[in-house]
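Peer 1: mind looking at a prediction? Sequence and model below.
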Amino acid sequence: MPVIYVEHPFKQNADTVWQRIRDFSDLSWLPGVAGCSVEGEGVGAVRTVTTADGGQVVEALTAMDEQARTFGYRIIRAPGVREETHYQATMEVQPTDSGCTVIWQAQFNGGNAPEAKVEMARQGAEKMYAQCLENLARLLG
């Protein structure tokens, strides 16, 4: 399975960064997000994210561990992502001596798609994750 993996250091402590990203309904720190609505609460909640270009991404919260500062989600539906892709992602905030590190990773099933196309999708997602975490760092100062 292809793996997407990005980590980004933050000068803020882990609790500060966790409080900013832990809310499944608040994606205001993600560039290109025009809106987000959530149905349900806790694990099993489903959010619909509307992008600036009018696209929609539907995701379900699959795990939440406040102590470990980590949560998981899966993409149900998104442009270019089919349900059989089984796209699963996690975000984790780990404390460090100088602040913390956010690790955002995912894996998906490329199915019968050509290897080059799968790799291009993996690299695109990795680039997007990195840009999102850089944006979060700017917002946190």
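Peer 2: Great, that's in hand.
Peer 1: okay, strands next: where are they in this structure?
Peer 2: Remark: strands assigned in the chain by DSSP state E are 3-10, 33-39, 46-51, 56-65, 70-77, 88-96, 99-107.
Peer 1: can you give me the angle the shortest one makes with strand 56-65?
Peer 2: Here strand 46-51 runs at 130 degrees with respect to strand 56-65, directions being taken by axes from the mean of the first three to the mean of the last three CA atoms, to 10 degrees.
Peer 1: what's the offset of strand 46-51 from the middle of its chain?
Peer 2: Centroid separation between strand 46-51 and its chain, computed with CA atoms, centre = their mean, to the nearest Å, is 12 Å.
Peer 1: with the second one instead?
Peer 2: On the basis of CA atoms, centre = their mean, strand 33-39 sits 14 Å off its chain's mean C-alpha point.
Peer 1: not counting stretch 54-71 itself, show me its contacts.
Peer 2: 14-15, 18, 22, 24, 34, 42-51, 72-79, 88, 90-94 (CB atoms under 8 Å, 6 or more residues apart in numbering). (Glycine included, C-beta is placed from N, CA and C.)
Peer 1: list buried residues within those.
Peer 2: Applying 16 or more other CB atoms under 10 Å to the contacts of stretch 54-71, the neighbour count classes 14, 18, 24, 45, 47, 49, 51, 72-75, 78, 88, 90-93 as buried.
Peer 1: between the strands of the chain, which one is closest to R138.
Peer 2: Nearest to R138 among those is strand 3-10 (11.0 Å), distances taken as CB to CB.
Peer 1: dump the closest one to CSV, restricted to CA.
Peer 2: Provided in CSV are the C-alpha atoms of strand 3-10 (Å, rounded to 0.1, in the frame of the first residue of the first chain):
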residue,chain,number,x,y,z
VAL,A,3,2.2,5.5,2.2
ILE,A,4,2.0,9.3,2.7
TYR,A,5,4.2,10.6,5.5
VAL,A,6,4.9,14.2,6.6
GLU,A,7,6.2,15.5,9.8
HIS,A,8,6.7,19.2,10.7
PRO,A,9,8.4,20.7,13.8
PHE,A,10,6.6,23.4,15.8
